[in-house]
Every structure is written in structure tokens, then in C-alpha cells.
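# Kindly return the folded structure for what I paste below:
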Amino acid sequence: MKIVQYSLAIAWAWLLVGCGKAEDNSPAQQVPQKVAMPSKADALVFQSHYQRLVEKFVDNQGRVIDYSDSRRISTSEGQSYAMLFALVANDEALFAKLLEWTENNLAQGDLTTHLPAWLWGEADDGQWRVLDDNSASDADVILAYALLQAGKLWQAPRYQALGERLAWLILEREVQIVGSHRWLLPGYYGFVDGAAETLKLNLSYYALPLLKNFATELGHAEWQQVYDGAIALLNYHQHGFASDWIVLKNSGELADTQQAEADYDAIRAYYWWALAAKHDANVKAQLSSFYGVPTAIEDLGSMALHTDWLTGSYSEQGPIGFSAAVLPLLGQLAPQLATAERQRIVAMNPAAYADNYYDTMLLLYGVGADQGCLNFDAFGNLQTDWSNPECVHVIE
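Prediction:
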């Protein structure tokens with residue numbers, strides 16, 4: 001594998017613009033704003049959820065805050081999600097703020113050499129700083145993708161170059177050949193057990209349309225191998241549901257010890273696989289592996305919160321974000337159930353989810369795809385609809 005060489009020296013100059021010192025955020029800057037409660041009529045409108053995300057969860061420096069944690073944490077996940085949504089909403093100003101905060105606070109001021117730390121918040125000593133310096137590859141993939149697509153859609157050379165560089169860092173530090181496959185590890189360290197000869201993977205980290213885009217646009221065969229590995233990973237799922245975590249032996253067999261229960265990670269796997277299946281016959285052929293999703297919805301009335309990927313059992317209705325996240329899958333496997341989940345979203349009192357970080361993110365993903373604001377072409381390029389006022393941010 002060869003390091004990416006940029007043909008123009010100016011690309012590196014663009015990359016260096018904006019690198020700076022980490023910021024010292026005071027708690028005063030992290031107080032949630034009071035926002036108008038979304039109406040039930042807005043529940044299936046991307047713009048409504050986006051506006052709430054911006055006003056409720058993003059501070060004036062571009063930091064996405066998860067208030068469900070007492071440390072008022074920020075994560076590389078939240079930053080990357082918000083950047084993708086800002087691009088979908090054609091919100092260049094917020095995108096730039098989010099990137100600046102991410103680079104300065106999670107990447108030691110330089111995303112050209114550092115993958116973002118995944119967790120930042122208030123430490124026990126009262127200081128605001130990185131709490132865990134490990135990376136999170138799902139966030140890194142989305143961040144690199146958002147930068148690459150922003151470079152195209154907004155004609156921004158720095159974003160394009162930075163996205164290419166970050167994609168290289170992911171290949172270098174978070175991708176590893178084990179057995180016959182090139183796997184996307186969940187983070188830089190902690191997921192390969194040399195003594196036990198096993199590795200721990202997460203199905204939801206494989207955002208297939210984004211990986212397809214890397215494979216077709218960046219000119220690295222390694223990305224196609226990562227994409228193919230994801231499809232191979234699905235073969236281990238024989239009982240209708242995705243896993244959160246799966247442990248493989250280096251030989252390629254399932255390890256003896258597994259985490260059977262799946263919930264908040266697995267829900268994203270259904271989303272990414274369904275969107276990829278629109279353009280990839282191999283993925284579409286495997287989509288029926290998730291037959292447990294419509295089965296659970298028919299039984300419980302909405303997507304299950306708890307599922308067991310080793311037995312196929314399930315229990316308890318999931319939160320409203322789960323209903324949104326499975327819309328693309330249901331659109332292909334059981335359209336009538338997609339209608340039922342939309343009705344559940346509309347019927348839900350917005351006060352029940354307006355303050356919930358994760359529900360907000362899943363609603364943006366699911367409603368965005370369902371409404372046509374957030375989709376992908378056969379090469380994984382982002383398909384936006386900036387002509388639709390329900391897809392773009394409100395200009396005040």
C-alpha cells in the first residue's frame with residue numbers, strides 16, 4: 001500500500017489551514033437552548049429534525065453535546081453525524097464549525113496526522129478534555145466521507161484533500177488483514193487479541209454506501225476488500241438479526257464466546273445494508289438475512305429494542321429512532337410495515353424524543369432517506385435534494 005500523494009502542493013497548504021490549539025470550553029457554553037417543540041406534522045420532515053439538532057444539541061463553537069451523560073460528552077460519532085447532516089441540509093457555515101471543533105479538540109489540532117479521539121467531556125478533575133483517546137472507525141468513515149462529498153458538492157479543495165488524507169489514515173490504522181479478509185476494526189486499538197487469536201468486529205460500522213464510494217473514488221483496492229469483507233461478515237448471521245459485536249477466530253470461524261444481545265449498534269446495520277442493496281445485487285440477495293426485523297414488528301407493533309442474533313429472539317418495543325432507522329429496510333422487505341412505522345413516528349408525542357440525542361440522530365438518518373433528502377447513487381455518492389425546502393436548513 002502506498003501513501004496517497006497529492007499532485008498539487010497547494011492541497012497540503014489547504015489542509016494546514018484551520019489546524020490550531022484545542023479549545024477550553026466552559027460549561028456556560030454548553031447549556032442547552034430552549035427550542036420550539038416539533039409538531040407531529042413535522043415528524044417525517046428532515047428539516048424539522050435538523051433544526052432541532054442544531055438548536056438543541058450543537059453549541060456555538062460547533063460541539064455536538066450528548067446530555068444523556070452527566071459529563072455532557074461529545075463524541076467523534078456525534079460530530080461526524082452532524083457534519084453529514086449539515087451537508088445534506090446545505091449548511092456550509094455549520095459544517096465548517098463542526099469540523100473546526102472536531103479537529104481542534106479531538107484530533108490535537110490536525111486531522112492530517114491524527115484520527116479523532118472518540119470521547120471528550122468533563123473529567124473528574126473538572127477539566128474539559130479527551131476522556132478516551134482511542135478512535136472509532138464508524139465515525140471516522142463518516143467524517144472522511146462527509147469531507148469528500150463536501151469537497152465535491154461545495155467545490156471546496158481543502159475538504160476534498162482532507163477527506164482523502166483521513167481515508168488513508170483509516171486504512172493505515174483501523175484496517176487489518178486477518179485470515180482471508182481485510183477487516184475494518186472498530187478502533188485503533190483494543191479489538192485484536194493476539195493471545196486468543198481473535199478479533200472483535202461491529203457490523204454497524206460498515207457503512208456500505210460510503211465504503212463503496214471510497215472503493216470507486218479513491219483508487220485503493222483495499223477499500224473494495226473492506227467492502228467485500230463486510231458482505232462476508234453477514235454470512236455469520238443466520239437468525240434474522242444483526243449483531244452489535246461479533247468475535248471471530250483468526251481462522252475465520254466464530255469464536256466460542258459471543259455477545260448475543262444486540263440493540264443500539266445493530267439498528268444502524270439494517271439502515272446501511274438496505275441503502276446499499278438498492279444498487280448492489282450481492283447485498284440485495286443477502287437482505288433477507290434480516291427477516292427477523294419485519295417478524296418482530298408484526299409481533300410487537302414496532303421494531304424491537306432487544307434482539308438476539310444467535311437465537312432470533314426479541315423483546316420490548318424500541319424507541320422512536322428505531323422505527324425511523326428501519327424504514328429503508330422495510331421499504332424493500334415489507335412496505336406495509338414501513339407505513340406502520342411512519343404512522344408510529346407521526347403519532348408519537350414529540351416531547352417524548354425531542355431531548356434524546358440518539359433518537360434525534362436516527363430520525364435524521366431514517367427520515368432523511370425516506371424523504372429523499374439523504375440517499376446514495378450506485379457509486380456511493382451522496383444524493384441530496386437542495387431544491388426541496390424540507391431537506392435544507394432554514395436561513396434566518
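# Neighbours of Ser323, how many?
27 (other CB atoms under 10 Å). All C-beta spots, glycine's among them, are computed from the backbone N, C-alpha and C.
# is it true that it touches Ala338?
No - applying CB atoms under 8 Å as the test, Ser323 and Ala338 come out as separate, 9.6 Å apart.
# Where does pLDDT dip in this structure?
Where the chain drops to pLDDT under 70, the residues are 1-40, 396.
# got the end-to-end distance for stretch 239-256?
End-to-end distance for stretch 239-256, by CA to CA, to the nearest Å: 17 Å.
# Identify the residues contacting Asp140.
Applying CB atoms under 8 Å, 6 or more residues apart in numbering, one finds that Asp140 lies in contact with 76, 80, 115-116, 166, 169-170, 174.
# so of the residues you listed, which ones are in helices?
Among the contacts of Asp140, the ones falling in helices (DSSP state H) are 76, 80, 166, 169-170, 174.
# will you turn the residues you listed into TSV that also has neighbour count and distance to Tyr189?
Converted to TSV, the ones in helices among the contacts of Asp140 look like this (neighbours: other CB atoms under 10 Å; distance: CB to CB, whole Å):
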residue	neighbour count	distance to Tyr189
Ser76	27	15
Ser80	26	20
Leu166	25	18
Leu169	20	14
Ile170	23	14
Glu174	24	10
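# how about the strands of the stretch 51-200 of the chain, start to end?
In the stretch 51-200 of the chain, the segments counted as strands under DSSP state E, counting those that start in this stretch are 74-75, 119-122, 128-132, 175-178, 181-184, 192-193, 198-201.
# residues of the fourth one that come out buried?
Of the residues in strand 175-178, those buried under the neighbour-count criterion (16 or more other CB atoms under 10 Å) are 175, 178.
# Which elements pack onto it?
Counting contacts by 3 or more CB pairs under 8 Å, 6 or more residues apart in numbering; DSSP states H and E, strand 175-178 is packed against strand 181-184.
# likewise the third one?
Contacts defined by 3+ CB pairs under 8 Å, 6+ apart place strand 128-132 against strand 119-122.
# Dump the strand it packs on to CSV, restricted to CA.
This file holds the C-alpha atoms of strand 119-122, laid out as CSV (Å, rounded to 0.1, in the frame of the first residue of the first chain):
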residue,chain,number,x,y,z
LEU,A,119,-14.8,10.7,23.6
TRP,A,120,-14.5,14.2,25.1
GLY,A,121,-16.2,15.7,28.1
GLU,A,122,-15.8,16.8,31.7
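# In this model Leu44 seems to touch Gln371, though I could be wrong.
Yes - the pair Gln371 / Leu44 is scored as a contact, 6.7 Å apart, by CB under 8 Å.
# Indicate which one of the strands of the stretch 51-200 of the chain is closest to Asp228.
Asp228 sits nearest to strand 181-184 of all the strands of the stretch 51-200 of the chain, at 7.4 Å, using CB to CB.
# Counting by contacts, list what that closest one packs against.
strand 175-178, strand 198-201, helix 221-234.
# now the angle from the following helix or strand past the second one to helix 221-234?
From strand 198-201 onward toward the C-terminus, using DSSP states H and E, the following helix or strand is helix 208-217. Angular relation of helix 208-217 and helix 221-234 on a 0 to 180 degree scale: 150 degrees, by axes from the mean of the first three to the mean of the last three CA atoms, to 10 degrees.
# List the buried residues of helix 208-217.
Neighbour counts over helix 208-217 (16+ other CB under 10 Å) mark 208-215, 217 as buried.
# cool, and stretch 361-371?
361-371.
# before we move on, what about stretch 270-277?
270-277.
# This completes my enquiry, with thanks.
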